[in-house]
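>>> I would like the atomic coordinates for the input below:
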Amino acid sequence: MSTPSTTSPSRRLRAPDALRRGPSVASAGPPRPRPRGAWARRAPLLPALVFMIVVTQLPFVGTLVISFMRWNALDPGNKGFAGLSNYKTEFTDPQLRASLTTTVVLTASVVLVSLALGLGLALLLDRRFRGRGLVRTLLITPFLVVPVASALLWKHALYNAEYGLLNGSLSWVWSLFGSHNPPQPDWLSQSPKLAVEASLIWQWTPFMMLILLAGLQSRPTDVVEAARVDGATTWQVFRYLTFPHLRRYLELAALLGTVYVVQNFDAVFTLTSGGLGTANLPYAVYSTFYQAHDYGQASAEGVIVVVLSIIVATFALRTVSSLFREETR
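Got it, this is the predicted structure:
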């Protein structure tokens with residue numbers, strides 16, 4: 001026998017009334033906040049953006065405008081719009097073309113040699129051995145030295161013909177064989193480009209090593225162990241597993257190194273003062289501005305340096321983006 005319902009008529013009427021009135025306030029919950037626009041999310045970044053534009057872009061715009069002007073401080077009466085004559089002079093003057101060629105040769109040699117040495121050091125530091133942390137710290141030290149101090153160190157402590165370490169080492173080696181007339185070359189005058197390149201390679205090899213070492217440590221170890229179990233040699237592991245994995249990191253290190261080395265001024269100015277065929281584009285900008293006082297021509301040279309750096313930096317940013325995409329897969 002069923003039990004009669006004890007629900008009152010007033011309670012039975014509440015449900016239909018609630019349906020007619022729509023959902024209750026309790027079931028709807030708190031009101032949702034309206035979605036903010038894109039400007040609200042980007043507003044905190046506006047001060048930094050304005051500061052960056054004022055500090056970096058406005059001076060570049062000023063340099064770009066001056067590069068189209070005829071403006072020499074030694075001839076103040078001859079000032080006005082010059083069009084593309086400054087850029088035409090840049091690419092037709094033999095001395096300026098030589099500085100452009102020196103920039104390309106210096107950058108390519110330093111980046112390639114630093115990359116090869118950095119790869120070798122990264123492969124050594126990827127192995128476990130006693131004192132690896134100390135060795136890693138010592139190898140990073142040249143990159144932490146101020147560029148001017150690094151150039152002064154090489155100029156006086158290593159290259160000096162009278163008391164430098166290189167000639168002192170030659171004297172010591174020759175004395176072991178009973179000779180008292182060792183060769184004492186003047187490194188900065190006999191091999192100026194090689195002297196500048198060696199100092200830059202010493203400074204930038206740790207940078208390449210750090211990037212490649214990070215790439216080695218991100219390598220999947222299970223694949224390498226499986227290859228060794230299958231009988232793969234060390235060279236085969238490096239050729240078919242390690243090197244393809246490091247390809248992106250090699251490209252990134254080369255591009256970033258190119259961006260920095262192409263703008264190098266400290267080593268050329270400190271070691272050779274731009275003489276003996278070592279003047280690159282940054283030194284040409286310095287000499288044109290401070291020695292020839294040709295502001296228009298110096299601005300044109302500066303614009304060329306910036307454009308070359310932007311081209312290389314664009315490829316570097318694409319490489320970084322591809323690395324991030326691969327890591328997030």
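>>> for burial, what's the neighbour tally of Pro94?
Number of residues near Pro94 (other CB atoms under 10 Å) recorded here: 7. Where you see a C-beta, it was placed from the backbone N, CA and C, and this is true even at glycine.
>>> which pLDDT does the model give it?
Each residue has a pLDDT score; the one for Pro94 is 85.
>>> kindly report the same for Leu13.
For Leu13, pLDDT reads 43.
>>> may I have the distance across stretch 61-77, first residue to last?
End-to-end span of stretch 61-77 (CA to CA, to the nearest Å): 24 Å.
>>> mind listing residues that contact that stretch?
Residues from elsewhere that reach stretch 61-77 (CB atoms under 8 Å, 6 or more residues apart in numbering): 78-87, 292-296, 299-300, 302-303.
>>> rerun at 10 Å
53, 78-87, 90, 289, 292-304, 306 (CB atoms under 10 Å, 6 or more residues apart in numbering).
>>> backbone phi and psi for Glu162, please?
Reported as degrees, to the nearest 10, the phi and psi values for Glu162 are phi -100, psi -50.
>>> could you do Gly131 as well?
The phi/psi pair for Gly131 (degrees, to the nearest 10) reads phi 80, psi 20.
>>> OK, contacts around it?
Applying CB under 10 Å, 6+ apart, the residues near Gly131 are Leu138.
>>> could you list the low-confidence segments of this protein?
1-38, 323-324, 326-329 (pLDDT under 70).
>>> and the closest residue in space to Ala232 that isn't next to it in sequence, how many neighbours does it have?
Counting by CB to CB, 6 or more residues apart in numbering, Tyr240 is the residue found nearest to Ala232 once chain neighbours are left out, at 7.7 Å. Burial of Tyr240 is recorded as 12 neighbouring residues (other CB under 10 Å).
>>> hang on, Tyr240 packs against Ala227?
Yes - contact criterion CB atoms under 10 Å: Tyr240 and Ala227 qualify, at 7.8 Å.
>>> just the buried members of the contacts of stretch 61-77?
82, 86-87, 90, 289, 294-304 (16 or more other CB atoms under 10 Å).
>>> in strands, which of these fall?
The members of the buried ones among the contacts of stretch 61-77 all map outside strands under DSSP state E.
>>> just the contacts of stretch 61-77: which are in helices?
In helices, defined here by DSSP state H, the members of the contacts of stretch 61-77 are 85-87, 90, 289, 295-304, 306.
>>> nearest to Ser218 among those residues?
Val306 (33.0 Å; CB to CB).
>>> ok, now which ones touch the closest one?
Per CB under 10 Å, 6+ apart, neighbours of Val306: 60, 63-64, 263.
>>> then Ile310?
Here Ile310 is in contact with Val259 (CB under 10 Å, 6+ apart).
>>> now Ile140
By CB under 10 Å, 6+ apart, the contact set of Ile140 is 206-207, 209-210.
>>> which element is it on?
Applying DSSP states H and E as the criterion places Ile140 in helix 132-144.
>>> how about that helix: buried residues?
136, 139, 142-143.
>>> just the element for the residue most central in space within the chain, please.
Central residue of the chain (CA atoms, centre = their mean): Leu256, 3.1 Å from the mean position. Counting by DSSP H and E, the element that carries Leu256 is helix 243-261.
>>> the very next helix or strand once past that helix packs against which elements?
Next along the chain after helix 243-261, taking DSSP H and E as the criterion, comes helix 266-271. On a contact count with 3 or more CB pairs under 10 Å, 6 or more residues apart in numbering; DSSP states H and E, helix 266-271 meets helix 94-125, helix 147-152, helix 192-217, helix 281-290.
>>> out of those, flag the one nearest His245.
Per CB to CB, nearest to His245 of the helices and strands packed on helix 266-271: helix 192-217, 6.8 Å.
>>> how far does stretch 157-166 sit from the chain's center?
Stretch 157-166 sits 31 Å away from the centroid of its parent chain (CA atoms, centre = their mean, to the nearest Å).
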